[in-house]
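S.K.: after the sequence you'll find the predicted model.
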Amino acid sequence: MDIDHLLSTTRAVRRKLDLDRPVEPEILEECLNLALQAPTPGNVQAWRWLVVRDQDVKNRLGAIFREVGEAYLAERASAAPSRALASGRHLIDVIERVPVFVIPVLAGRPARDNAVDAAFYGGIFPAVWSFQLALRSRGLGSTLTTYHLAREAEAAEILGIPDGHTQVGLLPVAYTTVPDFKPAPRTPLSEVAFLDHWGTPLS
């Protein structure tokens, strides 16, 4: 796949996940190995990756995901576009049926200091995006969700994650039901990028 096309069409996939097609372990390992090549501050490589296939574990995490997600959507109902809410609603409804969950985890806990935490989270989010791009190039989709983090300790107990580790999301992973995606509407670069000083047009 052309790199520019890959970068401009890798979407947050919620509705178009194939819930019935298994995801091969070797495909996940290929994608995770590519993710491990992402840059990491100081080459610390503090990332950990928890792949969840067990249906009972998915059911227990899914219950947390649904409860938190439903409350979030209820709060956003009057503010968010209906299409966005419908997409989120669909994933909440089917979350346990998604073949695989991948949970990125960082060794350590946030410091609640912006400079320190920027480096902390910067130690895994490039790898998460690399993982998602690798999935997309192989016909799979995902979306980075955070609903279950509202009850991170409960999820950690279900997953056996030891103290001193930070979950940074949950990626539902499946093959997609369509072969390709289109670039999404975005605010023009001229409105979001500045030159030298805030508010000065880039060009």
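M.R.: Perfect, thanks for sending it. Numbering: from 1, shown residues only.
S.K.: can you point out the buried residues in the helix or strand of the chain with the lowest mean pLDDT?
M.R.: Considering only helices and strands, the least confidently modelled element of the chain by mean pLDDT, DSSP states H and E is helix 82-94, at a mean of 88. Across helix 82-94, burial judged by 16 or more other Cβ atoms under 10 Å covers Leu85, Ser87, Gly88, Arg89, Leu91, Ile92, Val94. Every C-beta, even on glycine, is put in place using the N, C-alpha and C of the backbone.
S.K.: could you dump those to JSON lines with distance to Ala156?
M.R.: JSON lines is the format used below for the buried residues of helix 82-94 (distance: Cβ to Cβ, whole Å):
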{"residue": "Leu85", "distance to Ala156": "29"}
{"residue": "Ser87", "distance to Ala156": "28"}
{"residue": "Gly88", "distance to Ala156": "24"}
{"residue": "Arg89", "distance to Ala156": "27"}
{"residue": "Leu91", "distance to Ala156": "22"}
{"residue": "Ile92", "distance to Ala156": "21"}
{"residue": "Val94", "distance to Ala156": "24"}
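S.K.: between those residues, which is closest to Ala127?
M.R.: Within those, proximity to Ala127 (Cβ to Cβ) peaks at Leu91, which comes in at 22.5 Å.
S.K.: got the contact list for the closest residue to that closest one other than its chain neighbours?
M.R.: In space, and not counting its chain neighbours, Leu91 is closest to Arg14: 4.1 Å by Cβ to Cβ, 6 or more residues apart in numbering. The neighbourhood of Arg14, defined by Cβ atoms under 8 Å, 6 or more residues apart in numbering, consists of Ser87, Gly88, His90, Leu91, Thr143, Pro172.
S.K.: Arg14 should be in a strand, yeah?
M.R.: No - residue state for Arg14 (DSSP: H, G, I helix; E, B strand; the rest coil) corresponds to coil; a strand is not indicated.
S.K.: got phi/psi on it?
M.R.: Here is the backbone geometry of Arg14 (degrees, to the nearest 10): phi -120, psi -50.
S.K.: how about Thr176?
M.R.: Given degrees, to the nearest 10, the pair of backbone angles that Thr176 has is phi -90, psi 160.
S.K.: in the chain, which spans are helices?
M.R.: Listed in chain order, the helices of the chain (DSSP state H) span 3-9, 25-35, 55-76, 82-94, 114-121, 125-137, 152-159, 189-192.
S.K.: quick one: which of those helices is nearest Phe181?
M.R.: helix 3-9 (4.4 Å).
S.K.: for the closest one, the distance to its chain's centre please.
M.R.: On the basis of Cα atoms, centre = their mean, to the nearest Å, the separation between the geometric centre of helix 3-9 and that of its chain is 18 Å.
S.K.: also stretch 32-43?
M.R.: Between the centre of stretch 32-43 and the centre of its chain there are 16 Å (Cα atoms, centre = their mean).
S.K.: could I get the buried residue list for it?
M.R.: Leu32, Leu34, Ala35, Ala38, Thr40.
S.K.: who are the contact partners of the spatially most central residue of the chain?
M.R.: Taking Cα atoms, centre = their mean as the criterion, Leu144 is the residue nearest the geometric centre of the chain, at 1.6 Å. Listed by Cβ under 8 Å, 6+ apart, the contact set of Leu144 reads Ala12, Val128, Gln132, Gly169, Leu170, Leu171.
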